[in-house]
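Undergrad: Got a predicted model here, sequence first, then my questions.
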Amino acid sequence: MTVVAAQYNRRRPWINPKIKEKLIHGFFFANGMISVLALLGIFALLTMTSIPAFREINIGSFLTGFEWNPTSYVKEQYGIVPMLVSTLMVTVGALLIAIPLGIGTAAYLSDVASPKVREIAKPIVEILAGIPSVVIGFLGIVLVGPILSKIFHTHNGLNAINGSVLLAVMALPTIISISEDALKNVPSSYEQASLALGASKWQTIARVKIPAALSGIIAACMLGMGRAVGETMTVLMATGCAPAMPKSMLGPVRTLTSSIAIELGEVAYNTTHYYALFALGLVLFLITFFINMISDIILHKYEKVNR
Amino acid sequence: MKKIVIALVLILSFALCQNVCAQDMIQIKGSDTLINLVQMLSEIYMQKNPGKYIAVTGGGSGTGVAALINDKCDIANASRLMKPKEVDQAARNGVSVNRVVIAMDGLSVITNGNSPIHQLTADEIGKIFRGEITNWSDVGGPDSSITLYGRQSNSGTFVFFRDAILKGDYSQNMNRMNGNAQIVEAVKQDVSGIGYVGVGYVKAVTGLNVLKVAARAGMSYASPLSSEDVKSGKYPISRPLNQYVNGTPSGDTKAFLEFELSPEGQKIVEEEGFFPIPLEYQEFNKKVGL
């Protein structure tokens, strides 16, 4: 009798199932909220720490100034235009290289490659994403730079093109794997219908599948762009970092990220310079935030269309 | 329950070990110009004194000074002097700063080995780096634009060179490189390039012209590779290389500083391409008991 009671006791749940359910629900809800809170916290911190910068810096001259020199011998200058232009130049350059290459690779992997090739090639593309940025920057100095200076007959290879090439390499894995998913998700009836109408394989890929997967591909490119905008170490090492307004793709550039990385290590806390660097961070955060938001909206649209 | 106990024990023992380990470890941080030299000094010191540990990291003089101000390191390497503002800031954090000079540097201006430029006046160098002279033909070279290679603003060399030679701002077109070694590499590859690095980085390197510099037009040119010219101050861009400590050095930190200043330490300084400290700085170091 006592044995049976003990067994019964063991089987009886020590907590009411309904409460348990609620606890588990709460646990996962809290997990979900952590990332939301982290995002809000980062935004709040950046904003709060940026605001004191504008006690001494005119916000107009911050956004439209052409000279950034907070440690000047003569007069401190806080103008972010050259850095915005630099960031834009290397990013656009990177996308010009990475988008055609990325979409081409994605189309090859999803529609042309034999299963065996795909099995080997896809993991290799994904490994590319795992190469540390400092290694890629190093390659920019010792490999890409000298090659570029020979091709373009410039004195050195520390320029915007170098940065673009390296960032393209870094953005490629994102673009390839998301585009490939998008192409895979195109209903096979589209492909079959196209082939049944007598279209060649190339016509089917270029005129049916890619347009059908376009919003997914655009989202992939936007995410790749977000990666390129925020990358620091690679551009810091490979682009020369001269603070002047960039004159051409063959000249040195200095992006928002490199300026923060160069100057934050030595800046005295709670000075205007310190706050100004946080303001740079805020600008950068807003740029990547909007890029990600737009890509999210596009992705969402694409999900609805295909449902 | 058992697992939690084991985890706690592990965490505690790890924390204890960290405390113990941290006591014996001298943390040195800062100047990129000094890092190779101090690393060499500390390696030989550790070989001779088993059980003593020294960690040397770089990041630039500005980074080292910032770490000392926040009491995050024992010794800050600095190729420039601490600014009065920084000393005040340290004092507010309860760090009273003392300076020790451990070596002399002839800050070297370099051009590519294929460049015809072998000497310049300090005035010309200033104009070149301020961006007032942008073509080599203005200083007796070929008709070709000048590419400037300098350091980033966290570098003590950046600040020293600006304050001593430029007395103005660097050209906005100067490439901001990530360390002495990067400047050496860049100038080696660029026939139009000019850069400035600590003399310890050029002694064993080929493919570079180490420029002779005259203080003013009409004065004689001197080389940073000549120990007499640097010591006597005939070479116009020589500077002391410093280490900053919190308070009067004692214990392990003092023992290491004494080793650096000993004849043996100063011999390593010379082997690394820098110059031993002259008498005036030996006297200066006595003020902090070394």
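TA: Structure's in. What do you need?

Undergrad: ok, now how distant is the nearest residue to A:V81 once chain neighbours are set aside from A:K75?
TA: Sequence neighbours aside, A:F66 is the residue nearest to A:V81 in space, at 5.3 Å (criterion: CB to CB, 6 or more residues apart in numbering or on different chains). Placement of C-beta: from N, CA and C, glycine included. Per CB to CB, to the nearest Å, A:F66 is found 14 Å from A:K75.

Undergrad: List the buried residues in stretch B:134-150.
TA: B:W136, B:V139, B:G141, B:I146, B:T147, B:L148, B:Y149, B:G150 (16 or more other CB atoms under 10 Å in any protein chain shown).

Undergrad: Identify all contacting residues around that stretch.
TA: If you take CB atoms under 8 Å, 6 or more residues apart in numbering or on different chains as the criterion, stretch B:134-150 is touched by A:155-156, A:242, B:115-117, B:120, B:124, B:128-129, B:131, B:133, B:158, B:161, B:170-171, B:173-177, B:183, B:186-187, B:190-196.

Undergrad: Tell me the residues on the stretch 1-150 of chain B that lie near chain A, please.
TA: B:59-60, B:62-63, B:65-66, B:69, B:85-86, B:89, B:145, B:147-148 (CB under 8 Å from any CB of the partner chain).

Undergrad: Report the residue ranges of every domain in chain A.
TA: A:2-50, A:60-305 (automatic domain parsing).

Undergrad: for the record, mean pLDDT for the longest one?
TA: By that I understand domain A:60-305. For domain A:60-305, mean pLDDT rounds to 91.

Undergrad: chain center to that domain, what's the gap?
TA: Relative to its parent chain, domain A:60-305 has a centroid offset of 7 Å by CA atoms, centre = their mean, to the nearest Å.

Undergrad: Need the three-state assignment for the most centrally placed residue in chain A.
TA: The centroid of chain A falls nearest to A:R227 when counting by CA atoms, centre = their mean (1.8 Å). Under DSSP: H, G, I helix; E, B strand; the rest coil, the three-state class of A:R227 is helix.

Undergrad: quick one, what contacts it?
TA: Counting by CB under 8 Å, 6+ apart, A:R227 touches A:L167, A:M170, A:A171, A:T174.

Undergrad: and which of the buried residues of stretch B:134-150 is nearest A:Q203?
TA: B:T147 (50.2 Å; CB to CB).

Undergrad: neighbours of the closest residue to chain A within chain B, just the number please.
TA: Of all residues in chain B, B:G62 sits closest to chain A, at 2.9 Å by CB to the nearest CB. The number of residues packed near B:G62 is 27, by other CB atoms under 10 Å in any protein chain shown.

Undergrad: Over to the one 4 residues further on?
TA: Using other CB under 10 Å, B:A66 has 25 neighbouring residues.

Undergrad: Name the residues of the stretch 1-150 of chain A found near chain B, please.
TA: Residues of the stretch 1-150 of chain A lying near chain B (CB under 8 Å from any CB): A:E67, A:N69, A:P70, A:T71, A:S72, A:Y73, A:V74, A:I141, A:G145, A:P146, A:S149.

Undergrad: and with 6 Å instead?
TA: Within reach of chain B by CB under 6 Å from any CB of the partner chain, the stretch 1-150 of chain A has these residues: A:T71, A:S72, A:Y73, A:V74.

Undergrad: Now the buried members of those residues.
TA: A:T71.

Undergrad: so can I have a markdown table of the residues of the stretch 1-150 of chain A next to chain B showing distance to A:L39?
TA: Listed next are these as a markdown table, based on distance: CB to CB, whole Å:
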| residue | distance to A:L39 |
| --- | --- |
| A:T71 | 32 |
| A:S72 | 35 |
| A:Y73 | 40 |
| A:V74 | 40 |
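
Undergrad: Listing request: residues of the stretch 51-200 of chain B with sub-threshold pLDDT.
TA: Within the stretch 51-200 of chain B, no range satisfies pLDDT under 70.

Undergrad: Tell me where it has strands.
TA: With DSSP state E, counting those that start in this stretch, the ranges of strands along the stretch 51-200 of chain B come out as B:53-59, B:75-78, B:97-106, B:108-112, B:119-121, B:147-151, B:175-177, B:193-197.

Undergrad: The third one to strand B:193-197, inter-axis angle?
TA: Same thing as strand B:97-106. Going by axes from the mean of the first three to the mean of the last three CA atoms, to 10 degrees, strand B:97-106 is angled at 140 degrees with respect to strand B:193-197.

Undergrad: Any idea which residue of chain A lies closest to chain B?
TA: A:E266 (2.9 Å).

Undergrad: Make sure B:F284 is indeed in a helix.
TA: Yes: with three-state DSSP as the criterion, B:F284 is part of a helix.

Undergrad: gap between it and A:E119?
TA: Taken as CB to CB, the span from B:F284 to A:E119 is 69 Å.

Undergrad: between those two, which one's more packed in?
TA: B:F284 (16 against 10).

Undergrad: Is the nearest residue to that one once chain neighbours are set aside bridged to anything, and to what?
TA: Distance criterion CB to CB, 6+ apart; nearest residue to B:F284, sequence neighbours excluded, is B:V101 at 6.1 Å. Judged by DSSP bridges, the bridge partners of B:V101 are B:N242.

Undergrad: need the contact list for B:V101.
TA: B:P240, B:N242, B:I277, B:Y281 (CB atoms under 6 Å, 6 or more residues apart in numbering or on different chains).

Undergrad: The helix or strand containing the last one: which residues count as buried?
TA: Under the assignment given by DSSP states H and E, the secondary-structure element containing B:Y281 is helix B:279-286. Under the neighbour-count criterion of 16+ other CB under 10 Å, helix B:279-286 has B:Y281, B:F284, B:N285 buried.
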